[in-house]
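Q: Sequence first, then the predicted structure:
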Amino acid sequence: MSRVDGMNQPTASIHRRLLPNIWDLLVLLIAVGVLVALADGAREAIHESLAQLEQAPLSLDPWQLPEYALRTTLRMLIALALSLLFTLIYGTLAAKSRRAELLLVPTLDILQSVPILGFLSFTVAGFLALFPGSALGAECAAIFAIFTSQAWNMTFSFYQSLRGVPRDLIEVSKGFQLSAWQRFWRLEVPYATPSLVWNMMMSMSGGWFFVVAAEAITVGNQTLTLPGIGSYVAAAIVQKDLSAIAWALLAMLLVIVAYDQLLFRPIVAWADKFRLDQTAGQHSPRSWLLEWMRRTRAVASLLSPLRRGWLWLRTRRLDVRSERLPLPTISVKTNRWIDRLWLAAVIAGALYSLWAIVAYASMTLALGDAFTALGFGFITFARVLLLVALTSLVWVPIGVWIGLHPRWADRVQPVAQFLAAFPANLMFPVAVVGIVHFNAHPDIWLSPLMVLGTQWYILFNVIAGARAIPNDLLEAAANLRLSRWLWWRKFILPAIFPAYLTGAVTATGGSWNASIVAEYVSWGNTQLTAHGLGAYIAKATEAGDFPRIVLGVTTMSMFVILCNRLLWRPLYRYAEQRLRID
């Protein structure tokens, strides 16, 4: 009898572990609620026609905001998922292949500099043609526009992280004879994850900055307004409805708190295990949802096959090379000639693209137009560098303090996300009324609008860099009793410098983009214009002047590329060679 009981005891224990508990119920309620809401928003977007979109005017009724918030959030989540996929593929190719880097990194510089209005001007017609008569084409165009405001800083962060993996960890992976696939998923992605997560949060918040432009799709002389918070804000600005703007802010705050608690807070707490530490931290990020999920029984059992499948996939060798058919070796001389031919092909492609742009613009524009755009470019360039320098002086010390105090980081995270998501358009009433009332100069007082959304790239990346500093190094610096100045100059600034560079690069590119909405603002019928390339592109877009749009976007891309090549890339190389944690 005792043998039978002994045999049944493990079975009973297994059954108890599979029985649902209160945590299963709570997690399932949240998961089902989120899935039902997202499915409802997706159903409306899929089945809506262009005729319905044109006939149904956007309402400023606050009771419509929950539906609008759901539609906007769904677009941003889809764009974020696409941005993550793009980051893993594009960033890996750029970091792993010298020849691919010659093409992909300058292309990323160009993509980062092309304004969202530039993407919309040339992609809307293609998306609408894919789904004739359906609003799904406009939805895809809006998602693509949001994607262009999210993907670049994530890709820069991942690329820089892959280039900065400590050499001793790479040697350990070689000692364990990991294949390239295994090393990617078991070393490189985990090492890049903490910084990537913070940049995902910044991307999600940064998407709000341009969602107003993304949800108002212009086709010829017709504007298709998609239901969403961005289009709601645009309509409130046109009608000077301050109460509607207040309701939109409240809806944004609730949405940001929701996806912070349900998405980013669990990811941040989960990603903390990938920190490069030899000693345990005093405080780890916590997430109530992640703790609930870890206490579940049935949900954990349901997810177990997915977990095992993912573990199996990332631990496969997946070697490209075969032992029976080894790849032929290439001599150093041949390799150099391949590099030269590839470089020549890249330069030839760039020159051909430049020639095509010049040929298109020269059909209607004169040489004087090019000098005009160039002059405006120098004005905006001076604004961008000055504003990035000033915001760095403010946010680097604050970001370091937050990153080194994890308890405060948990509290500041949703606040920083809301401030980063705050659309600059909502500051237009204050800026326009104040400038008109005090008769101030728009060239000076419109400039701060450029960094309202982009300054947060610096803050988020500095926080990520400070949180990534190993605890043993922090303890060593404390034991050495360094003076405050020496602590900053010899320890903290070198430690966060690679992360700061990623934030500065993306903040610079974001400021160029923001100049389009910041140098040409309106409140009702009142319009203010600052001299600069952003206002030049905004006016050309409003007039439908495609040659000047092309000229303005090309000029902006050239400025961004030259800045990255002459300033940021040398600093990146310095950080890779001198400031790696090895």
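A: Done, it's in. Numbering: from 1, shown residues only.
Q: Poorly predicted segments of the stretch 51-200 of the chain, please.
A: In the predicted model, the stretch 51-200 of the chain carries pLDDT under 70 at residues 54-56, 113-122.
Q: Do a quick rundown of the helices in it.
A: Shown for the stretch 51-200 of the chain, the helices assigned by DSSP state H, counting those that start in this stretch span residues 65-86, 92-96, 98-113, 116-130, 136-163, 167-175, 180-183, 189-214.
Q: by contact count, what packs against the third one?
A: Using 3 or more CB pairs under 8 Å, 6 or more residues apart in numbering; DSSP states H and E as the contact criterion, the secondary-structure elements in contact with helix 98-113 are helix 92-96, helix 136-163, helix 332-362, helix 493-518, helix 546-563. For the C-beta atoms, the positions are set from N, CA and C on the backbone; glycine is no exception.
Q: List the buried residues in the longest one.
A: In other words, helix 332-362. Ile357, Ala361 (16 or more other CB atoms under 10 Å).
Q: can you list the weak-confidence ranges in the stretch 351-500 of the chain?
A: 413, 421-426, 428-429, 453.
Q: just to revisit the earlier point, so which of the helices of the stretch 51-200 of the chain comes closest to Thr529?
A: Closest approach to Thr529 among these (CB to CB): helix 116-130, 15.8 Å.
Q: rewinding a little: for Glu519, which of the helices of the stretch 51-200 of the chain is the nearest?
A: Among the helices of the stretch 51-200 of the chain, helix 116-130 sits nearest to Glu519 (CB to CB), with 12.6 Å.
Q: Excluding sequence neighbours, find me the nearest residue to Val105.
A: Ala94 (5.5 Å; CB to CB, 6 or more residues apart in numbering).
Q: same check, this time on Leu253
A: With CB to CB, 6+ apart, the residue lying closest to Leu253 is Phe418, at 5.8 Å.
Q: for the helix or strand hosting that neighbour, packing partners?
A: Assigned by DSSP states H and E, Phe418 falls within helix 406-421. Other elements packing on helix 406-421 under the criterion 3+ CB pairs under 8 Å, 6+ apart are helix 189-214, helix 242-259, helix 265-271, helix 367-403, helix 455-467.
Q: So which bits of that helix are buried?
A: Of all the residues in helix 406-421, those buried under the rule 16+ other CB under 10 Å are Pro406, Ala409, Asp410, Val412, Gln413, Pro414, Ala416, Gln417, Phe418, Leu419, Ala420, Ala421.
Q: what do you get for stretch 234-243?
A: Ala234, Ala235, Ala236, Ile237.
Q: Looking at the residues you listed, which are in helices?
A: Ala234, Ala235, Ala236, Ile237 (DSSP state H).
Q: any idea how far Val189 is from the last one?
A: As defined by CB to CB, to the nearest Å, Ile237 lies at a distance of 42 Å from Val189.
Q: same deal with Trp445?
A: 45 Å.
Q: So which of the two has more stuff around it?
A: More crowded of Trp445 and Val189, by other CB atoms under 10 Å: Val189, with 18 against 15.
Q: Spatially nearest residue to that one (excluding sequence neighbours)?
A: Leu88 (7.8 Å).
Q: again, but for Ala42
A: Leu74 is the one closest to Ala42 (CB to CB, 6+ apart), at 6.3 Å.
Q: Pretty sure that neighbour sits against Ala39.
A: No: look at Leu74 against Ala39 with CB atoms under 8 Å: they stay out of range, at 9.6 Å.
Q: higher neighbour count, these two?
A: Leu74 (21 against 11).
Q: picking that back up, may I ask which two of the buried residues of helix 406-421 are separated the most?
A: Pro406 and Ala421 (22.6 Å).
Q: contacting residues for the residue nearest to Leu253?
A: Phe418 makes contact with Ser205, Met252, Leu253, Ile256, Val257, according to CB atoms under 8 Å, 6 or more residues apart in numbering.
Q: Please produce JSON lines containing the ones in helices among the buried residues of stretch 234-243, extended by distance to Ser173 and pLDDT.
A: Listed next are these as JSON lines, based on distance: CB to CB, whole Å; pLDDT from 0 to 100:
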{"residue": "Ala234", "distance to Ser173": "50", "pLDDT": "80"}
{"residue": "Ala235", "distance to Ser173": "54", "pLDDT": "83"}
{"residue": "Ala236", "distance to Ser173": "54", "pLDDT": "84"}
{"residue": "Ile237", "distance to Ser173": "53", "pLDDT": "76"}
